[in-house]
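Trainee: no sequence on this one, just coordinates:
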């Protein structure tokens with residue numbers, strides 16, 4: 001039985017991962033790490049989560065994690081993720097993270113950590129979204145810059161980063177397929193007298209509202225026709241299932257930074 005630890009267990013993704021763990025054979029939750037004490041907890045009672053018919057105490061310091069954990073599944077914040085992954089690197093524990101919003105410097109820290117442990121990093125753990133990345137790269141390569149590329153992402157109003165990590169990764173796949181870089185082609189929304197659209201640019205637009213889990217659309221518009229690739233997430237369960245699939249896959253791999261494309265074998 002694979003022993004998993006999960007961070008951010010009081011959050012939406014953490015809760016979804018615990019539910020998915022309970023439905024997956026061969027892996028069990030043995031450690032739950034939270035960021036804040038749940039509201040309304042009676043005085044003197046230790047917070048806990050239910051998993052597999054057991055009550056797992058919630059700890060608030062990863063250093064208190066019990067021995068014998070095989071893999072950490074993390075969806076928190078860039079700062080919290082780096083702290084948890086650094087601890088895992090010191091202990092030789094494999095890890096999976098779906099955290100987004102890393103700065104270039106923080107990405108460098110991730111790469112350093114991945115030199116010590118096997119680490120799956122993905123802005124979106126959905127299996128279908130990662131297939132979208134592959135399809136987007138193929139379409140962008142075939143159609144080239146004769147087709148203008150625009151990306152629209154839509155998320156709930158509580159999402160903190162914009163555009164989404166998934167939208168940025170999708171734009172990066174299009175840019176690379178065209179032999180360009182994201183930094184040299186990305187245009188984030190538009191306002192005012194912007195002039196004509198240039199052929200190489202990739203427009204990226206963020207919409208926020210309500211409780212929308214996540215939608216991403218790649219529009220490739222050419223002369224007389226257009227192609228649209230769309231992914232809509234109906235719940236967070238698909239992200240959770242993908243994260244667990246990555247956790248099962250990463251154990252025993254050599255140190256390095258892997259993606260969901262590696263997990264799915266479609267890189």
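Mentor: That came in fine, so what should we check first? Since the model is a prediction, treat every value here as computed from it, not as a measurement.
Trainee: excluding its backbone neighbours, what's nearest residue 232?
Mentor: With C-beta to C-beta, 6 or more residues apart in numbering as the criterion, residue 232 has its nearest non-adjacent residue at 4.8 Å, and that residue is residue 215. For the C-beta atoms, the positions are set from N, CA and C on the backbone; glycine is no exception.
Trainee: Kindly apply the preceding question to residue 103 instead.
Mentor: Closest residue in space to residue 103, ignoring its immediate chain neighbours: residue 78 at 7.1 Å, by C-beta to C-beta, 6+ apart.
Trainee: Over to residue 169?
Mentor: residue 123 (4.8 Å).
Trainee: Contact partners for the nearest residue to residue 125 once chain neighbours are set aside?
Mentor: Among residues not flanking residue 125 along the chain, residue 242 sits closest, at 3.4 Å (C-beta to C-beta, 6+ apart). Residue 242 makes contact with 122, 124-127, 130, 260 under the criterion C-beta atoms under 8 Å, 6 or more residues apart in numbering.
Trainee: Just the pLDDT at residue 242, thanks.
Mentor: With respect to pLDDT, residue 242 has a value of 95.
Trainee: buried residues in the helix or strand hosting residue 137?
Mentor: Remark: residue 137 resides in helix 127-143, with elements defined by DSSP states H and E. Using 16 or more other C-beta atoms under 10 Å as the test for burial, helix 127-143 gives 127, 129-133, 135-137, 139-140, 143.
Trainee: isn't residue 8 right next to residue 18, touching?
Mentor: No - counting by C-beta atoms under 8 Å, residue 8 stays clear of residue 18, with 10.5 Å between them.
Trainee: Which residue ranges of the stretch 51-200 of the chain form strands?
Mentor: Along the stretch 51-200 of the chain, counting by DSSP state E, counting those that start in this stretch, strands occupy 54-59, 71-74, 94-97, 118-121, 148-155, 186-188.
Trainee: which one of those lies closest to residue 233?
Mentor: Taking C-beta to C-beta, strand 148-155 is the member of the strands of the stretch 51-200 of the chain nearest to residue 233, at 9.4 Å.
Trainee: Averaged pLDDT, that closest one. What do you get?
Mentor: Averaging pLDDT along strand 148-155 yields 98.
Trainee: Stretch 130-141 now?
Mentor: For stretch 130-141, mean pLDDT rounds to 96.
Trainee: residues in contact with it?
Mentor: Here stretch 130-141 has contacts from 122, 124, 147, 149, 169-170, 173-174, 176-178, 216, 218, 220, 227, 229, 231, 242, 259-261, 264, 266, using C-beta under 8 Å, 6+ apart.
Trainee: Also stretch 212-229?
Mentor: By C-beta under 8 Å, 6+ apart, the surrounding residues in contact with stretch 212-229 are 124, 129, 132, 135-136, 139-140, 143, 146-156, 164, 166-167, 170, 174, 230-236.
Trainee: And these, which of them are buried?
Mentor: Buried residues within those, counting neighbours by 16+ other C-beta under 10 Å: 124, 129, 132, 135-136, 139-140, 143, 147-155, 164, 166-167, 170, 174, 231, 233, 236.
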